[in-house]
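Q: let me see the structure of the following:
(2 chains)
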Protein chains: 2
Amino acid sequence: MNEHIVKSYEDELNTLTADCARMGGLTEAQVGDALDAVVKRDQALAESVVGRDERLDLLEADIERKAIRLIALRQPMANDLRKTVAAMKIASNLERCGDLAKNIAKRTMILNEAEPISPLTRSIERMGRLVAGRLKDVLDAYTGSDLDRALAVWSRDDEVDEHYNSLFRELLTYMMGDPRTITACAHLLFVAKNLERIGDHATNIAEIIHYEITGEEMISADRPKTDALSA
Amino acid sequence: MNEHIVKSYEDELNTLTADCARMGGLTEAQVGDALDAVVKRDQALAESVVGRDERLDLLEADIERKAIRLIALRQPMANDLRKTVAAMKIASNLERCGDLAKNIAKRTMILNEAEPISPLTRSIERMGRLVAGRLKDVLDAYTGSDLDRALAVWSRDDEVDEHYNSLFRELLTYMMGDPRTITACAHLLFVAKNLERIGDHATNIAEIIHYEITGEEMISADRPKTDALSA
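A: All right, here's what the predicted structure looks like:
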């Protein structure tokens, strides 16, 4: 194999990782903006989140195409194969985070038609900041190949579930106390569930990083876990 | 390339497709059983759905491993590459259907603690049968390489959304009419949402089959679509 081919193979692998990191940055922005839109009742921002989602779909398709091409034509081994598969799987998780952000933004548009419920908005914001922080941390772990940081995100998975459980109870209490809030609270239930799912994707990404770096699968059963359904 | 290698490559590809079809059968059973559990308030069946979910997780991981190994070592081209990637992507969609079935089963266990609400149960059952039928049809399309059948599933995507929208309104009406039903209805909201998402995965699988057979991406924008959020 000559120098030119080797260089180009490394270039391809680096491009794939960089594409995935860039997609991570865009997803972080979408999640942050969706949260701002729902908290500040910002219709224009919500519309902009919805409009920008297609970009993430295209990026995911592009990363998948590049990864499969690389596996088929370059036959990467060991570390390089794990790196390639990791980029493809992380992109898939990011695309789903993007869908969830878009869904939150769409619900913002409906929620803006109802009266604001300030205490609930504050609870959503707290949970949202926690989830956005986890996404940021796990993407830092990805770009820095930082196993400890990925493990830290992975082991604090239950914090999001606790927030979700408490928010679920809070929403039900509001609905029971004032039936006029039922429609808004039903949409907020789904906003909370979407945030919880973004948190789950951050956990998945942490597991993928662990596999990429160590070559070993993580055992989900080892993770401290609060069952989000008990709420 | 000698006869032995060629044979073994085809074997590998056939095994992958067969694994995926088998995973499809198991997923269909999980979705059907989760629906029966919630409709018949069958605690034991719900527990059995929860217990069997890990099997689907392991199957997905196995299919992914085999597919990547096949791409790296056999370098399949054109049709064969599409077949390999399709199996990997369908397995990922099936695994998520399995998670949703498990979630419905877990909610059954909570719903069994409340009074049954027969009209809602009937609506959930109707929507569930529709979704289970779509999953069955798209898996028939996969095993039969039947493009028309896949397209039929794809183009009727909006039926599920219409059911979901109507169920969403029905649930909100119940909550407003009798606040004692709020907790049960909140869980049923998520059961309905999970069924809608299983329907979305059937649509995704139809798109993957289309790509596998024709080599062309489908344009989601062409699909008749009712926005599930407008409810």
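
Q: what about A:Val50, how many neighbours?
A: Neighbourhood size, A:Val50 [other C-beta atoms under 10 Å in any protein chain shown]: 20. C-betas here are computed from N, CA, C, even on glycine.

Q: OK, contacts around it?
A: A:Lys102, A:Ala105, A:Lys106 (C-beta atoms under 8 Å, 6 or more residues apart in numbering or on different chains).

Q: buried stuff in stretch A:72-82?
A: Buried positions in stretch A:72-82, judged by neighbour count with 16 or more other C-beta atoms under 10 Å in any protein chain shown: A:Ala72, A:Arg74, A:Pro76, A:Asp80, A:Leu81, A:Arg82.

Q: those into JSON lines, with extra columns for secondary structure and distance to A:Ala184?
A: Below are the buried residues of stretch A:72-82 laid out as JSON lines (DSSP: H, G, I helix; E, B strand; the rest coil; distance: C-beta to C-beta, whole Å):
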{"residue": "A:Ala72", "secondary structure": "helix", "distance to A:Ala184": "50"}
{"residue": "A:Arg74", "secondary structure": "helix", "distance to A:Ala184": "52"}
{"residue": "A:Pro76", "secondary structure": "coil", "distance to A:Ala184": "50"}
{"residue": "A:Asp80", "secondary structure": "helix", "distance to A:Ala184": "50"}
{"residue": "A:Leu81", "secondary structure": "helix", "distance to A:Ala184": "48"}
{"residue": "A:Arg82", "secondary structure": "helix", "distance to A:Ala184": "45"}
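
Q: on that earlier part again, ok, the contacts of A:Val50 vs B:Asp161, which is closest?
A: A:Lys106 (13.4 Å; C-beta to C-beta).

Q: so that closest one makes contact with A:Gln43?
A: No - under the criterion of C-beta atoms under 8 Å, A:Lys106 is not in contact with A:Gln43, lying 11.3 Å apart.

Q: between those two, which one's more packed in?
A: A:Lys106 (23 against 13).

Q: turn the buried residues of stretch A:72-82 into CSV, columns for distance to chain B.
A: Listed next are those as CSV, based on distance: C-beta to the nearest C-beta, whole Å:
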residue, distance to chain B
A:Ala72, 5
A:Arg74, 9
A:Pro76, 7
A:Asp80, 10
A:Leu81, 7
A:Arg82, 10
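
Q: up against chain B, what does chain A have?
A: Residues of chain A lying close to chain B by C-beta under 8 Å from any C-beta of the partner chain are A:61, A:68, A:71-73, A:75-76, A:81, A:85, A:92, A:103, A:106-107, A:110, A:168, A:171-172, A:175-176, A:179, A:182-183, A:186, A:189-190, A:193, A:217, A:227, A:229-230.

Q: show the buried residues in those.
A: Applying 16+ other C-beta under 10 Å to the residues of chain A next to chain B, the neighbour count classes A:68, A:71-72, A:76, A:81, A:85, A:92, A:103, A:106-107, A:110, A:168, A:171-172, A:175-176, A:179, A:182-183, A:186, A:189-190, A:193, A:229 as buried.

Q: which secondary structure elements does the lengthiest helix in chain A sit against?
A: The residue-count maximum for a helix in chain A (DSSP state H) belongs to helix A:3-40. On a contact count with 3 or more C-beta pairs under 8 Å, 6 or more residues apart in numbering or on different chains; DSSP states H and E, helix A:3-40 meets helix A:43-74, helix A:78-111, helix A:118-143, helix A:182-214.

Q: okay, and the helix or strand of chain A with the least pLDDT?
A: Every helix and strand of chain A was ranked by mean pLDDT, DSSP states H and E. The lowest is helix A:3-40, at a mean of 91.

Q: what separates the closest residue to A:Asn194 other than its chain neighbours from chain B, distance-wise?
A: Closest residue to A:Asn194 apart from its sequence neighbours, by C-beta to C-beta, 6 or more residues apart in numbering or on different chains: A:Leu100 at 4.3 Å. For A:Leu100, the distance to chain B (C-beta to the nearest C-beta, to the nearest Å) stands at 12 Å.

Q: A:Thr15 now?
A: Separation of A:Thr15 from chain B (C-beta to the nearest C-beta): 19 Å.

Q: quick one: contacts for the closest residue to that residue other than its chain neighbours?
A: Nearest residue to A:Thr15, sequence neighbours excluded (C-beta to C-beta, 6+ apart): A:Lys66, at 7.2 Å. For A:Lys66, the contacting residues are A:Glu12, A:Thr15, A:Leu16, A:Asp19, by C-beta under 8 Å, 6+ apart.

Q: got a PyMOL select line for the buried ones in those residues?
A: In PyMOL, this line selects whichever of the contacts of A:Lys66 come out buried by 16+ other C-beta under 10 Å:
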select buried, chain A and resi 12+16+19
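
Q: make CSV out of the contacts of A:Lys66 and add distance to B:Arg52.
A: Shown next, in CSV, are the contacts of A:Lys66 (distance: C-beta to C-beta, whole Å):
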residue, distance to B:Arg52
A:Glu12, 41
A:Thr15, 41
A:Leu16, 36
A:Asp19, 37
